[in-house]
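>>> Please find the sequence and the predicted model below.
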Amino acid sequence: MEAVILILALLFVAFVALGVYVGVKAIGAAKRGVDRTITQARRTVEDTTLRAKSFGQVGVAGELAQLRLHLRTSMRATQDALHAGVAEDVSLRESIGLFERLSAHGRELDEELRRLEREPDRGRITERLPQLRERVERITHSAESLRWAARDRARTFAEDDLESLTTQIDVEAGALRDWSRSEPVWPDPAAEPSGPGPQTSSAPAPQEPAAAGGPEQAPGEPEQGAGAQEPRAIPPRDPRLTMRYSWDKSARPETTN
């Protein structure tokens, strides 16, 4: 009895632990989903604000907004391209590692540009704009190099696969055309009898040599002369004429009175 109670207690503890584990996993997944949604919403709001500043403001503020928008757009496009391609091409994992290192510099530069937007000394910002513009161009150029290299690699693989598939289809199409032009092999009419009964040979039977005095002619038989013809054996029916196909219509039986 004590063993049964101990087993039930262990099962209860196991079920409780499993329920807690599943609950923690579900809460973590829900939290990650909420964080991802909040991050995407914040990113969309920031991009919309930067786009509005870049078109609505002039001078230093407008140029800073343009630099931030260009940097964020290029980095996001490269990230999406690499993560989409790594599912089909495992060799892009090293490129993703390089992009993560580049992203650290991109985030640092974006934060610096964000702080400069609230800087009241516009003269100091104007002096630093050429350097900031150069840093943005270097980061976006590296990101674009990774992005286009991944796209070119995927396009090359797709073209190679399409070329191989086209070659196989051409070979198969040629084989089908050769088969359609080939003549069917019919059975030899002399090898198969047309009906029941003894087989009838189409070759004439060998004739015995005539005697010196000539063969005796039985009464009632036609005279054999120079113009007389030997009787020919009736050849068997061509099996091709008796074969039926699925597209032939069945003949209706004739009614007899």
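All right, it came through fine.
>>> okay, now the domains of this protein?
1-56, 57-172 (automatic domain parsing).
>>> Which residue ranges of the stretch 101-250 of the chain form helices?
Along the stretch 101-250 of the chain, the stretches classed as helices by DSSP state H, counting those that start in this stretch are 122-181, 239-242.
>>> of all those, which has the lowest average per-residue confidence?
Among these, helix 239-242 has the lowest mean pLDDT, at a mean of 53.
>>> Export the domains of the chain as CSV, with columns for mean neighbour count and distance to D178.
To be clear about C-beta, it is placed using only N, CA and C from the backbone, and glycine gets the same treatment. Shown next, in CSV, are the domains of the chain (neighbours: other C-beta atoms under 10 Å; distance: least, C-beta to C-beta, whole Å):
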stretch, mean neighbour count, distance to D178
domain 1-56, 11, 58
domain 57-172, 14, 11
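>>> Check these for me: which has the lowest mean pLDDT.
domain 1-56 - the lowest mean pLDDT of these, at a mean of 79.
>>> in the stretch 1-150 of the chain, which spans are strands?
Assigned strands in the stretch 1-150 of the chain: none (criterion: DSSP state E, counting those that start in this stretch).
>>> Can you give me every residue that contacts E63?
L129 (C-beta atoms under 8 Å, 6 or more residues apart in numbering).
>>> CA atoms only: put stretch 62-72 into PDB for me.
This file holds the C-alpha atoms of stretch 62-72, laid out as PDB (Å, rounded to 0.1, in the frame of the first residue of the first chain):
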ATOM      1  CA  GLY A  62      16.800  67.200 -41.900                       C
ATOM      2  CA  GLU A  63      20.200  65.800 -42.900                       C
ATOM      3  CA  LEU A  64      20.600  63.900 -39.600                       C
ATOM      4  CA  ALA A  65      17.200  62.400 -40.200                       C
ATOM      5  CA  GLN A  66      18.100  61.400 -43.700                       C
ATOM      6  CA  LEU A  67      21.300  59.700 -42.500                       C
ATOM      7  CA  ARG A  68      19.500  57.800 -39.800                       C
ATOM      8  CA  LEU A  69      16.800  56.700 -42.200                       C
ATOM      9  CA  HIS A  70      19.300  55.600 -44.900                       C
ATOM     10  CA  LEU A  71      21.300  53.600 -42.300                       C
ATOM     11  CA  ARG A  72      18.300  51.900 -40.700                       C
END
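>>> do you know how far R51 is from Q66?
R51 sits at a distance of 9 Å from Q66 (criterion: C-beta to C-beta, to the nearest Å).
>>> between the helices of the stretch 101-250 of the chain, which gets nearest to G33?
helix 122-181 (27.3 Å; C-beta to C-beta).
>>> That closest one packs against which elements?
helix 60-85, helix 93-117 (3 or more C-beta pairs under 8 Å, 6 or more residues apart in numbering; DSSP states H and E).
>>> and the angle from the longest one to helix 93-117?
Regarding helix 60-85 and helix 93-117, their directions subtend 160 degrees when assessed with axes from the mean of the first three to the mean of the last three C-alpha atoms, to 10 degrees.
>>> Just the angle for helix 60-85 relative to helix 122-181, thanks.
Calculated by the same axes, to 10 degrees, helix 60-85 forms an angle of 30 degrees with helix 122-181.
>>> Could you do the last one as well?
Interaxial angle, helix 93-117 versus helix 122-181 (the same axes, to 10 degrees): 150 degrees.
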